[in-house]
Structures are given as structure tokens and as C-alpha cells.
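> got a sequence here, can you build the structure:
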Amino acid sequence: MTTGSAALKRNGSAKLAIFNVGETLCGIDILHIQEINKLTDMTTVPQSPDYVSGILNLRGQIVTVIDLRKKLRLSGDVDEGRMRNIIVKSKGESIGLLVDRVGDVIEVDKSQFEAPPANVGEIQGKYFTGVFKAERQLIGMLNLERVLDDGNH
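Below is the predicted model:
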């Protein structure tokens, strides 16, 4: 069984925050999200990996901001006016995920969860636990632990 296949057996529903990274539609369970905010002034961190956009002071708390587009190695046009930071908690630390656009919160039936398709690229594929089919599109479920642990941001 793959990591994502355990989720296939879950019953019930989940609420997902939907967002775009490039042209890729992604989702995170809203229970992982602390807040979503517009871009604020960040301080660059010398000698950090290229996907670390910087750090910001969020009401006295230092938050590392990861550019998901760079982390997932996705390309496309950037519209900084629509970009947002999704602040998540991981291991007692707040981390910002820089995304291109934030959409709605949707409720999904966990029975719709499927393993990631085989044609998902090697780099991007390891950051997703699976996909949900929603109307006419697929939503990739982001594996937060893998995104945040990989490379010791």
C-alpha cells in the first residue's frame, strides 16, 4: 500500500482550502491552516534554499515562507497581486506557503480520494498524497509533512 492509500479507507467528509500553484489546483485540509494573508514584507535569508522566499514577522512570531511554485518546480506566469501566504502549523512552528491564488473551501467526500496518477512528475508527485475529482477538475492533496520536511526548509 502506498502512503495515500490508507486515506482511501476513510469515511465521511473533509473541508479543503483550494489554491493554485501555477496551473496546478491543490488542496489542504482546513484543520492545518492557521490563517491566509496577503503578501507582506519579507526578509531574505542568506544561503537558504531557493524555495525559501524569506521570513516575516507575524504579530511577533517569525514565520519562514516557502514558495510552493519553486518547491514543486512548477512554471507559469506570476500575478503578485493575487499571491497569498497560507500559514500552517507544523511541529509547533508556523510556516508560510506562498501560493499563486486562493480559491474556495469545499467539502469533499473522502470516498472520492484516489491515489496520485502515474503521470504526475517525479518531483511534484512526491509532494501529493492523492487527488480528489471535483466537477471538471482534479485537486491534488498536498502532503504538508513531505513539503515541509523535505530539504529541511
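
> when you work out contacts or count neighbours from here on, use the C-alpha atoms and nothing else.
Fine.

> need the helix or strand of the chain with the lowest average pLDDT.
Comparing helices and strands within the chain by mean pLDDT, DSSP states H and E singles out helix 122-125 as the least confident, with a mean of 59.

> mind listing the helices in this protein by residue range?
68-71, 122-125, 144-149 (DSSP state H).

> buried residues in the longest one, which are they?
By 16 or more other C-alpha atoms under 10 Å, the buried positions in helix 144-149 come out as L144, V147, L148.

> what about the first one, distance to I62?
Counting by C-alpha to C-alpha, to the nearest Å, the gap between L144 and I62 amounts to 19 Å.

> with E145 instead?
Distance from E145 to I62, by C-alpha to C-alpha: 19 Å.

> ok, now K110?
Counting by C-alpha to C-alpha - K110 and I62 are separated by 34 Å.

> cool, R82 as well?
Applying C-alpha to C-alpha, the value for R82 to I62 is 23 Å.

> go on, L39?
For L39, the distance to I62 (C-alpha to C-alpha) stands at 15 Å.

> again, but for L16
Look at L16 and I62: by C-alpha to C-alpha, they are 26 Å apart.

> the more surrounded of the two?
The neighbour count for L16 versus I62, taken as other C-alpha atoms under 10 Å, is higher for L16 (21 against 13).

> the residue nearest to that one when sequence neighbours are not counted: neighbour count?
What sits nearest to L16 in space, not counting adjacent residues and going by C-alpha to C-alpha, 6 or more residues apart in numbering, is D29, at 4.5 Å. Close neighbours of D29, defined as other C-alpha under 10 Å, add up to 17.
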